[in-house]
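Colleague: Task: produce atomic coordinates for the following.
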Amino acid sequence: MTVDARKETRGFQTEAKQLLHLMIHSLYSNKEIFLRELVSNASDAADKLRFEAVSNGDLYEGDADLKIRISFDKDAKTLTISDNGIGMSRDEVIENLGTIAKSGTAQFMQKLSGDQKKDAQLIGQFGVGFYSAFIVADKVVVTTRRAGSPASEAVRWECSGDAEFTVESVEKADRGMTVELHLKDDALEFADHWRLRSIIKKYSDHIAIPVVMQKQKPAGDEADNTEPEDEVINTATALWTRSRSEVSDDEYKEFYKHVSHDFTDPLSWSHNRVEGNLDYTSLLFIPARAPFDLYNRDASRGVKLYVQRTFIMDDAEQFLPLYLRFIKGVVDSNDLSLNVSREILQKDPNIDSMRSALTKRVLDMLSKMAKSEPENYTTFWKEFGQVMKEGPAEDFANRDKIAKLLRFASTHTGSADQDQSLDDYVARMKEGQEKIYYIAADNFNTAKNSPHLEVFRKKGIEVLLLSDRVDEWLMSHLQEFEGKHFQDVGKGELDLGKLDTEEEKQAQEKVAEQLKPLLERVQTALDAQVSEVRITHRLTDSPACVVVGQFDMGAQMRRLLESAGQKVPESKPIFELNPEHPLVKKLEAEANDERFGDLAHILFDQANLAEGAHLQDPAAYVQRLNKLLLELSH
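Modeller: Got it, this is the predicted structure:
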């Protein structure tokens, strides 16, 4: 790094260099997007100035007329975007323009696939829109001064799209930021009044502050020396304040991209005005793709909050529960004070009312989508389904609504696709079936092929196949649906209720009584590993299975907590034997105690493996198995 009194040259981070290289080589399929990103950044800077000026009016420096100015010079091949927003200090310039998406660049690079179209859609999720300038420019010069700072503390940042950038102190009389693009030869179309005007109308008409350009002189008036007048290119009215009938679908989509910095269209949106005890407007969007930090529950989230059209904060998380953290949009309230803070929001009873109403609105949007746009809902579920599964534990009041939105894999289709609703399951329940059956495992194949499903297949009873890490935790908070209780088929005694005939029940009791001596011998052999040995009626093909006690923690939850370093309560499984299986009959007939013990241990270990569990002593299992194989070979 080279440093003198006023100027320093710095290098980008390694990952930032890679990303910059991608931007320069036209990662975007649509070059004109760069202007949307730069205008959006300028709009954000104006919002932030308004917010800080609520408590410090001096930041306006006598100029409260906020605007964004676009200008160009065909001869010099430059395009300039200026704003009189909050501006940046020297440290902020180095931090924000020198690191590129400092919180997510590594993850971004890992997700790149080499497919330009797919990779382009990732950019917006990582906050690197500013660098889209290098798609059309071979040099970018940023001059900025933070509001409230003296003119001498302005900063110029300059980069030619290579590994380094320079930062130097300069004089700047007015606050805000100016971004000067030195256009590439193949991007000179952006030094044209009508081209720029059409882009702004297309992508930035919703920006709530004026976007200004000089009026184009009519052809033949080149000799006219009068200064051209300014004209406002955009509507310059906050989109959410307009009537729904006045806003087109395209405008909604572009506004979503503005507030979310996403490059894909939203799946759905809801624009609503509430008047009465509370007076507020909401515009909420359901994205089509998950952001990279969706599963980081501590990441910034929430809607943009405005009070009386004045921007207050970017990520107001108080208005929606955590399981809806993917929702983007705007809430503009007339019932909150302009000096509202995050701490005040947490204590304001109006927020609880708004949170309840907005949550209901989002769930209603999703319900409507599930019914009328099933393909969109399938897309939504693939992106956000695991987050929605957090809902029943966090939002008791809306548990029934959330349950109807959940989707699962099922033995009905045998597919790993989570496309079956609980309503679908209940509609298909067999006559006399009283419970909703499910099994939870570490992966879909383990769940689908579990021995516990054998009797259900025999009787044609549908079972939900749960394999997401959150599933067992979800089911612990979802006890019933439409009056039907949930039953984990791998827990406790199997009770099929009316689905078992009296003759079947009597036969089961008779067999259990006859095999008491066998059960006692197996209990003695496995006493250190099992809590109980009993006859099973859930198996038709397998010799044995392990069952968790009715009130014990399931295997999936135990593994989840253990992987997180949490202590889990001690418990032993129940070992169930299939009396009709040849191996169990062979075990019953075995007189040699040592051979009997080896066989019992092998059956127990195999039952654990079938459930996807890890053996406590794999070497002992292999030794016993090899011993039996050698005996068979003689």
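Colleague: can you list the weak-confidence ranges in the stretch 301-450 of the chain?
Modeller: Within the stretch 301-450 of the chain, the segments meeting pLDDT under 70 span 338-344, 346.
Colleague: got the residue ranges for the strands in it?
Modeller: Taking DSSP state E, counting those that start in this stretch as the test, the strands found in the stretch 301-450 of the chain are 303-307, 310-316, 328-333, 409-410, 435-440.
Colleague: Which residues does the third one contact?
Modeller: The one in question is strand 328-333. 238, 240-241, 256, 259-260, 262, 266, 269, 278-285, 287, 303-309, 316, 319, 350, 354, 358 (Cβ atoms under 8 Å, 6 or more residues apart in numbering). The way it works is simple: take the backbone N, C-alpha and C, and place the C-beta from them, glycine included.
Colleague: circling back to that earlier point, do you know which of the strands of the stretch 301-450 of the chain lies nearest residue 212?
Modeller: Comparing those against residue 212 with Cβ to Cβ, the closest turns out to be strand 310-316 (19.9 Å).
Colleague: outside of that closest one, which residues touch it?
Modeller: 47-48, 50-51, 54, 300-306, 331, 336, 338, 340, 342, 345.
Colleague: let's see 7 Å
Modeller: With Cβ atoms under 7 Å, 6 or more residues apart in numbering as the test, strand 310-316 has contacts from 47-48, 50-51, 54, 300-306, 331, 338, 340, 345.
Colleague: go on, stretch 521-534?
Modeller: Contacts of stretch 521-534 (Cβ under 7 Å, 6+ apart): 519, 549, 572-577, 596-597, 600-601, 604.
Colleague: Among those residues, show me the least confident.
Modeller: Across these, the member with the lowest pLDDT is residue 549, scoring 80.
Colleague: That one: what's it in contact with?
Modeller: Neighbouring residues of residue 549 by Cβ under 7 Å, 6+ apart: 492, 531, 571, 574.
Colleague: Please check the residues you listed and keep the buried ones.
Modeller: 531, 574 (16 or more other Cβ atoms under 10 Å).
Colleague: which ones are touching residue 449?
Modeller: If you count contacts by Cβ under 7 Å, 6+ apart, residue 449 has none.
Colleague: any idea how far residue 544 is from it?
Modeller: Distance, residue 449 to residue 544, using Cβ to Cβ, to the nearest Å: 15 Å.
Colleague: Same check on residue 61?
Modeller: Relative to residue 544, and taking Cβ to Cβ, residue 61 is found at 80 Å.
Colleague: cool, and residue 439?
Modeller: Computed as Cβ to Cβ, the residue 439 to residue 544 distance reads 17 Å.
Colleague: now residue 415
Modeller: Separation of residue 415 from residue 544 (Cβ to Cβ) stands at 28 Å.
Colleague: Go through stretch 493-511 and flag the buried ones.
Modeller: For stretch 493-511, by 16+ other Cβ under 10 Å, it's 494, 496, 499-500, 508.
Colleague: cool, and stretch 137-152?
Modeller: Across stretch 137-152, burial judged by 16+ other Cβ under 10 Å covers 137-149.
Colleague: Please apply the same query to stretch 51-62.
Modeller: For stretch 51-62, burial by neighbour count (16+ other Cβ under 10 Å) applies to 51, 53-54, 59-60.
Colleague: rewinding a little: neighbour-wise, which of residue 415 and residue 544 wins?
Modeller: Comparing residue 415 with residue 544 by neighbour count (other Cβ atoms under 10 Å), the higher total belongs to residue 544, at 26 against 14.
Colleague: Correct me if wrong: that one contacts residue 576.
Modeller: Yes - using Cβ atoms under 7 Å, residue 544 is in contact with residue 576, at 6.4 Å.
Colleague: how's the chain carved up into domains?
Modeller: What automatic domain parsing lists as the domains of the chain is 2-237, 241-373, 375-494, 499-560+567-633.
Colleague: comparing those domains, which gets the lowest mean pLDDT score?
Modeller: By mean pLDDT, the lowest-scoring of the domains of the chain turns out to be domain 2-237, with a mean of 80.
Colleague: Please compute how far that domain lies from its chain's middle.
Modeller: Offset of domain 2-237 from its chain centre (Cα atoms, centre = their mean, to the nearest Å): 28 Å.
Colleague: Check stretch 295-314 too.
Modeller: On Cα atoms, centre = their mean, the centre of stretch 295-314 falls 16 Å from the chain's centre.
Colleague: Could you do stretch 469-476 as well?
Modeller: The chain centre lies 18 Å from the centre of stretch 469-476; the measure is Cα atoms, centre = their mean.
Colleague: all numbers from here: first residue = 52
Modeller: Sure, I'll start numbering at 52, so the last one becomes stretch 520-527.
Colleague: Pull out the buried residues from whichever strand or helix holds residue 301.
Modeller: For residue 301, the host element (DSSP states H and E) is helix 300-311. In terms of neighbour count (16+ other Cβ under 10 Å), helix 300-311 has its buried residues at 302-303, 305-311.
Colleague: now it and strand 354-358, what's the angle there?
Modeller: When axes from the mean of the first three to the mean of the last three Cα atoms, to 10 degrees is applied, the directions of helix 300-311 and strand 354-358 differ by 100 degrees.
Colleague: what is the orientation angle of helix 300-311 with strand 361-367?
Modeller: 70 degrees.
Colleague: Would you mind identifying the next helix or strand past helix 300-311?
Modeller: Next element after helix 300-311 (DSSP H and E): strand 319-325.
Colleague: Can I get that next one as PDB, trimmed to CA atoms?
Modeller: The C-alpha coordinates for strand 319-325 follow below in PDB (Å, rounded to 0.1, in the frame of the first residue of the first chain):
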ATOM      1  CA  SER A 319     -46.300 -12.500  -5.400                       C
ATOM      2  CA  TRP A 320     -47.100  -9.200  -3.500                       C
ATOM      3  CA  SER A 321     -49.700  -7.500  -1.400                       C
ATOM      4  CA  HIS A 322     -50.300  -3.800  -1.400                       C
ATOM      5  CA  ASN A 323     -52.700  -2.700   1.400                       C
ATOM      6  CA  ARG A 324     -53.800   0.500   3.100                       C
ATOM      7  CA  VAL A 325     -55.200   0.200   6.700                       C
END
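Colleague: Right, I'll leave it there.
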